[in-house]
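# Sequence first, predicted coordinates after that:
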Amino acid sequence: MTSELTALALAALLQVLQFALMAVPTNIELPQGKTLSPRDRNRLGGDIQDQVSDRTARLIRAWENHFESLALFTIAVMVVSLADANTGFTAACAWTYLAARILYIPAYYFGLTPWRSLIWFVGFLAAPCMLIAALT
């Protein structure tokens with residue numbers, strides 16, 4: 001398996017870990033009726049994030065953000081892999097993405113400003129850099 005595909009597999013497993021990181025405190029902080037419900041806003045009395053602690057809400061947002069960033073990273077890995085454009089640079093970008101996503105979780109959880117945004121940007125930038133490398 002290439003470094004890029006390995007990083008993608010680990011990023012997907014990180015998504016699973018993030019689910020546990022946000023689901024456990026959410027289920028501790030909210031009554032079972034809310035977490036097992038269809039989560040209609042009118043039934044819950046608002047958004048789930050508004051009813052949990054700030055840090056748990058940050059874990060929810062970090063989990064959702066990973067879904068968003070994982071789409072672009074997956075495309076980048078697939079383009080690099082299918083084009084057989086794997087290089088040391090694309091591998092470094094893939095590992096940079098994964099490291100940034102790992103660092104993003106505690107940075108968001110602890111509200112580290114501006115580090116959270118900078119870490120996010122580094123991770124985000126890794127995918128377009130991989131795409132550009134594959135095109136050249």
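Alright, I've got the coordinates.
# The helix ranked longest in the chain: which residues count as buried?
The residue-count maximum for a helix in the chain (DSSP state H) belongs to helix 54-82. Residues 56-60, 62-63, 65-66, 69-70, 72-73, 76-77, 79-81 are the ones in helix 54-82 that count as buried (16 or more other C-beta atoms under 10 Å). No exception for glycine: its C-beta is placed from N, CA and C like everyone else's.
# ok, now stretch 98-117?
Residues of stretch 98-117 classed as buried by neighbour count (16+ other C-beta under 10 Å): 98, 100-105, 107-109, 116.
# Other residues contacting that stretch?
The contact list for stretch 98-117, computed with C-beta atoms under 8 Å, 6 or more residues apart in numbering, reads 7, 10-11, 14, 18, 21, 54-55, 58-59, 61-62, 65-66, 69, 119-120, 122-123, 126.
# and that stretch, how far apart are its ends?
For stretch 98-117, the first and last residues are 15 Å from each other (C-alpha to C-alpha, to the nearest Å).
# I'd say residue 96 and residue 122 touch.
Yes: using C-beta atoms under 8 Å, residue 96 makes contact with residue 122 at a distance of 6.5 Å.
# just checking, which of the buried residues of stretch 98-117 belong to helices?
Per DSSP H, the subset of these in helices is 98, 100-105, 107-109, 116.
# between the buried residues of stretch 98-117, which is nearest residue 33?
Checking the buried residues of stretch 98-117 against residue 33 with C-beta to C-beta, the nearest one is residue 109 at 26.5 Å.
# which ones are touching residue 76?
Residue 76 neighbours (C-beta under 8 Å, 6+ apart): 93, 126-128, 130-131, 134.
# Now do it, the pLDDT please.
Residue 76 carries a pLDDT value of 98.
# Any figure for the gap between it and residue 54?
Using C-beta to C-beta, to the nearest Å, we find residue 76 at a distance of 32 Å from residue 54.
# Show the contacting residues for the most centrally placed residue in the chain.
Using C-alpha atoms, centre = their mean, the residue of the chain that lies closest to the mean C-alpha position is residue 66, 1.9 Å off. Residue 66 is in contact with 11, 14-15, 18, 101, 104, counting by C-beta under 8 Å, 6+ apart.
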